[in-house]
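Visitor: Give me coordinates for this.
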Amino acid sequence: MKSRLSTLALAVALMVAPAARGAGGFGAPVVVTGLDTGEPGIDVASDGTIYVNAPAGLLSNVPGSPSFVFRSDDGGATWVLTPPDLRANLPGGGDSNVSVDPATGTLYMTDLWLGSATVSRSTDGGTTWLANPLQGVVVQDRQWVATAGGGNVYHVTHQIPSGLVVSKSAAPADGLIYPLSTVAATLADQTGCVCPPGNLIAEPGTEPLGADDRVGLIYATSTGGINFARSTDGAVTFTNVPVSPPSSADTTLAFPVVASAATDTLHAVWLEVFGTKSSRVRYARSSDWGASWTGPVTLVGAGTSVYPWVAARGDKVSVTVYHTDASGTPDTVAAKS
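Guide: So this is what the prediction gives:
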């Protein structure tokens, strides 16, 4: 329980104390909640509102087990748990993810319950929700959601045996009904890896109904590589591009992550683990929205790392990682090292 709470506290340490942030430092960590939860995600709306979502525990309550959404209106200094509203009696509690429309602030959420996922939408900062317990893809794992804005929303999940499936939702049922699905990466693309994807990104195009939206997801392969599945036609078709070639590393132990900095620039980070001896964090950049990538470089090569994450905007890129100077791998280094 302590590790879960510290994760939530660390997640918002980046957002508090504007004066300290301006000086290049961080404010003191703020505990978002005392609830027993973990694996949080954080999103910042264009008006500065901050949202943290976290799973409640897979089917942890009956009849409903909605995951949590916390909101801060003061830069992360204080937090409130938003009401589940129409999500309250629906299944969920597994992996959760939220995406915020950059123009309207509309929240789109996905909440896993393995048979499918409960998907929902809020237009008032999480105070009220519309929800649907059947996202559309059945028997799914580790799903993500991303909006390109304009009522166009995309959802990816690992579906056995199809692979990584991306579904599209459009207004007026945006975020609630996902009628169109495409296999973005097959089991063969993953080189046989039966493992979930990294995160999903989406950016608006200029065509009506998001027909030329750009949609992308990053994923690991069983051969120690990292790939990026990209679409430039609103998730109708995908092309799979290598980010990092096959290697002797295991790249499946933590989600690879990709971030868009706009102007066609993408940044990717991932973890590589070598047996029981060492780990490292690697990075690559694309200047053509994932059609090609720079050669991988090592950001952290000593000690032990886990769960790298990247965020980007304009010419600024930030990479965070859990790290200890003790040598080994996430599974072999002693706790509290």
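Visitor: Would you confirm that residue 254 contacts residue 322?
Guide: No. Look at residue 254 against residue 322 with C-beta atoms under 8 Å: they stay out of range, at 9.5 Å. Heads up, the C-betas are built off the backbone N, CA and C, glycines and all.
Visitor: now the strands for the stretch 101-250 of the chain?
Guide: Assigned strands in the stretch 101-250 of the chain, in chain order: 107-112, 117-122, 130-132, 140-149, 152-159, 163-170, 180-186, 200-203, 214-220, 226-231, 239-244 (criterion: DSSP state E, counting those that start in this stretch).
Visitor: Format those strands as a markdown table; extra columns: distance to residue 56 and mean pLDDT.
Guide: Output for the strands of the stretch 101-250 of the chain, formatted as a markdown table (distance: least, C-beta to C-beta, whole Å; pLDDT from 0 to 100):
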| stretch | distance to residue 56 | mean pLDDT |
| --- | --- | --- |
| strand 107-112 | 8 | 98 |
| strand 117-122 | 11 | 98 |
| strand 130-132 | 14 | 98 |
| strand 140-149 | 16 | 95 |
| strand 152-159 | 19 | 96 |
| strand 163-170 | 23 | 97 |
| strand 180-186 | 26 | 97 |
| strand 200-203 | 22 | 98 |
| strand 214-220 | 25 | 98 |
| strand 226-231 | 30 | 99 |
| strand 239-244 | 33 | 98 |
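Visitor: Neighbour count for residue 254 and residue 322, which is higher?
Guide: More crowded of residue 254 and residue 322, by other C-beta atoms under 10 Å: residue 254, with 24 against 15.
Visitor: To residue 47, which of the strands of the stretch 101-250 of the chain lies closest?
Guide: Proximity to residue 47 (C-beta to C-beta) singles out strand 107-112 among the strands of the stretch 101-250 of the chain, at 12.5 Å.
Visitor: by how many degrees do that closest one and strand 163-170 diverge?
Guide: Angle of strand 107-112 versus strand 163-170, following axes from the mean of the first three to the mean of the last three C-alpha atoms, to 10 degrees, is 150 degrees.
Visitor: before we move on, the earlier item: give the intersection of the neighbour lists for residue 254 and residue 322.
Guide: 306-307 (C-beta atoms under 8 Å, 6 or more residues apart in numbering).
Visitor: For the stretch 1-150 of the chain, give me the ranges with low pLDDT.
Guide: For the stretch 1-150 of the chain, the stretches flagged by pLDDT under 70 are 1-24.
Visitor: Go again with 90.
Guide: 1-27, 36, 38-39, 58-63, 114-115, 136-141 (pLDDT under 90).
Visitor: which residues of it fall in helices?
Guide: Ranges of helices in the stretch 1-150 of the chain, per DSSP state H, counting those that start in this stretch, are 2-13, 18-22.
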